[in-house]
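A.B. asks: sequence first, predicted model second:
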Amino acid sequence: MSSYESSSESSSDAGHPRPTASNPGDPHPAWRDAMRPVRMERVAIVAPSRVLTNVLRRVGDAGLVELSTPADASLETVARTAVVRDEVAALAGWMPAPAMPELAGRLAALGGAVVAISRPRGAEAPSLLRAGGLRGSLSPVVSTYGTVPYRDIDPTPLAAGAYVVMFGMMFGDAGHGVLLLVAAAVLYRAHRTGRTDRAGRAGRPGALARFGRGWPFALGAGVTSILFGLAYGEFFGPTGLVPVLWLAPLAQPVQLLLAALGVGALLLGAAYALGVVNRWREGGWPVALYSPAGIAGAALFTGAGLAVAGWYTGLDLLALAGGLLAATGLVLAFTGFLADAGGGPSGIAQAVMRLFDVVVRLGANLVSFARLAAFGLTHAAIGSIVWVGTTTLWAGRPVAAVVVFVVGNALAFTIEALVVGVQALRLEYYELFSRLFQAEGRPFRPWRLPPTSGEARSCPSGSGEACRP
């Protein structure tokens, strides 16, 4: 941790800590700002030449400005890149807009200043996701996929919600959900202990401290597992301790499969809606209209869904309207593909092939959500096997029955939790994020003074974790 960050936490006013890269001074942004990466400003660091080194040292301590030099460049290297005119030196960079007043106040004491300047044409601002508080604990579900483009929506809360819902549907057991709540409590305690220690106060981080930030996922997964467990009538298997409130997976697999596809359709619809907003923010209405991850794709998906619904319910008018909407989506997507290919016979051939790929992938994406039912059935089947073994042994060998019950549930909990966690992440990345993001952004990498020997500092990603040089 840099000396600035250490001092900032100890000297901060109550409830108003100084900005850092992980907490850029905007703890309660408006809802529109909260739905996108931290707002960036193109700035110039300006100072008299004679005090430039002192001003840059303070900028490096703050760790809030990304300059043209590498993030770990030496003070001398950064100073040499300054533009000097008439005894005044200046460097351009990017920094979080909410942190500008704080940095300007600190530089003013040395005769320096930080001023907003116009953005270069075509330059993409770096992306910084909010890393503080609960949202910071949820952000890995997005940041491990890639860097959110600066102009796109930051889907962290929605992505985390979708993840725990899919996890609970595949891991529906109220007893196992209670165990996840216990795990969440343990991780939360480890997280609090680790934070206390990194701040230099009493407390020793345990071996679980590095996993402590995952407590919100364990909590959410535990809650959804309990809810789906009650719906399935599962409590450490089909023990009969809770009633079946919705359906029994092993007795009604078709209904569970249809429900899984319905959940998948809702999530895909939400992904298309966010994709339309992202395409509009990236390139305006032309990109939003013709992109298969924009209005064209959304029209094809919605139209196909309405057509199937109309056919299934016997409503011909609904089926016709759905068919026309899907056809409109195909025409829009074909037009976009043809424009990308430059027209001509070869362009038409490319557009047809890409259109065929879009249709095939759309069906494959929806069918992929059938795994929500498949793994839900697997979890219920394992629980049933353990329970049948337990009840069979109970009359003659009660000790062996207890061992089978405990060991069986322990194996089911650990193995299934791992498998289901990976499958939920796979659905999130391949089926949903592929519609949200069409490009990768550039991460915000603020310049910091190189740490002294043995000194740790926070990671450039703003995760709040301590990094060693």
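C.D. replies: Cool, the structure landed. Residues are numbered from 1 along each chain as shown.
A.B. asks: isn't there a strand covering L258?
C.D. replies: No: going by DSSP: H, G, I helix; E, B strand; the rest coil, the assignment for L258 is helix, not a strand.
A.B. asks: tell me how far it lies from G421.
C.D. replies: The gap separating L258 from G421 is 24 Å, by C-beta to C-beta, to the nearest Å. Quick note: C-beta positions are derived from backbone N, CA and C, even for glycine.
A.B. asks: likewise D86?
C.D. replies: Distance from D86 to G421, by C-beta to C-beta: 61 Å.
A.B. asks: more crowded one of the two?
C.D. replies: G421 (17 against 5; other C-beta atoms under 10 Å).
A.B. asks: and that one, what helix or strand is that in?
C.D. replies: helix 398-426 (DSSP states H and E).
A.B. asks: may I see the buried residues of that helix?
C.D. replies: By 16 or more other C-beta atoms under 10 Å, the buried positions in helix 398-426 come out as 401, 404-405, 408-409, 412-413, 416-417, 420-421, 423-425.
A.B. asks: which among those gets closest to A97?
C.D. replies: Using C-beta to C-beta, L425 comes nearest to A97 of the buried residues of helix 398-426, at 32.5 Å.
A.B. asks: isn't the closest one right up against A160?
C.D. replies: No: using C-beta atoms under 8 Å, L425 is not in contact with A160; the gap is 11.4 Å.
A.B. asks: middle-most residue in the chain, spatially?
C.D. replies: V142 (2.3 Å; C-alpha atoms, centre = their mean).
A.B. asks: contacting residues around that one?
C.D. replies: Taking C-beta atoms under 8 Å, 6 or more residues apart in numbering as the contact definition, V142 lies against L129, V148, D154, P155, T156, A159.
A.B. asks: please identify the helix or strand for it.
C.D. replies: Judged by DSSP H and E, V142 forms part of helix 140-143.
A.B. asks: so for that helix, mean pLDDT?
C.D. replies: In this model, helix 140-143 has an average pLDDT of 88.
A.B. asks: same question, stretch 102-110
C.D. replies: In the prediction, stretch 102-110 has an average pLDDT of 92.
A.B. asks: then stretch 395-406?
C.D. replies: The model assigns stretch 395-406 a mean pLDDT of 94.
A.B. asks: show me what that stretch is in contact with.
C.D. replies: Residues contacting stretch 395-406 (C-beta under 8 Å, 6+ apart): F236, V386, W387, G389, T390, T391, T392, L393, W394.
A.B. asks: what's the answer for stretch 324-338, then?
C.D. replies: So stretch 324-338 is contacted by 289-292, 295-304, 306-307, 347-348, 350-352, 354-355, 358-359 (C-beta under 8 Å, 6+ apart).
A.B. asks: so which of these belong to strands?
C.D. replies: Per DSSP state E, strands hold no members of the contacts of stretch 324-338.
A.B. asks: filter these down to the buried ones, ChimeraX style.
C.D. replies: The command below creates a ChimeraX selection of those among the contacts of stretch 324-338 that count as buried (16+ other C-beta under 10 Å):
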select :289,290,291,292,295,296,297,298,299,300,301,302,303,304,306,307,350,351,354,355,358
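A.B. asks: just the ones of the contacts of stretch 324-338 in helices?
C.D. replies: Among the contacts of stretch 324-338, DSSP state H puts 289-290, 295-304, 306-307, 347-348, 350-352, 354-355, 358-359 in helices.
A.B. asks: where does the prediction get shaky in the stretch 151-300 of the chain?
C.D. replies: For the stretch 151-300 of the chain, the stretches with pLDDT under 70 are 194-208.
A.B. asks: what ranges do the helices span in it?
C.D. replies: Ranges of helices within the stretch 151-300 of the chain are 156-170, 174-198, 215-232, 253-290, 295-313, based on DSSP state H, counting those that start in this stretch.
A.B. asks: between the last one and helix 253-290, how many degrees?
C.D. replies: Between helix 295-313 and helix 253-290, the angle formed by their directions is 150 degrees, by axes from the mean of the first three to the mean of the last three C-alpha atoms, to 10 degrees.
A.B. asks: beyond helix 295-313, next helix or strand please.
C.D. replies: helix 316-341.
A.B. asks: so which bits of that next one are buried?
C.D. replies: Within helix 316-341, the residues scored as buried using 16+ other C-beta under 10 Å are 318-319, 322-323, 325-326, 329-330, 332-334, 336-338, 341.
A.B. asks: from those, which shows the smallest pLDDT?
C.D. replies: Scoring the buried residues of helix 316-341 by pLDDT puts A341 last, at 90.
A.B. asks: how close does that residue get to A299?
C.D. replies: Noted for A341: a distance of 21 Å to A299, by C-beta to C-beta.
A.B. asks: just give me the closest of the contacts of stretch 395-406 to F433.
C.D. replies: Closest to F433, out of all of these and judged by C-beta to C-beta, is F236, at 34.2 Å.
A.B. asks: wait, doesn't the closest one sit right on D173?
C.D. replies: Yes: under the criterion of C-beta under 8 Å, F236 makes contact with D173 at 6.8 Å.
A.B. asks: who has more neighbours, these two?
C.D. replies: Neighbour count, other C-beta under 10 Å: between F236 and D173, D173 has more, with 32 against 23.
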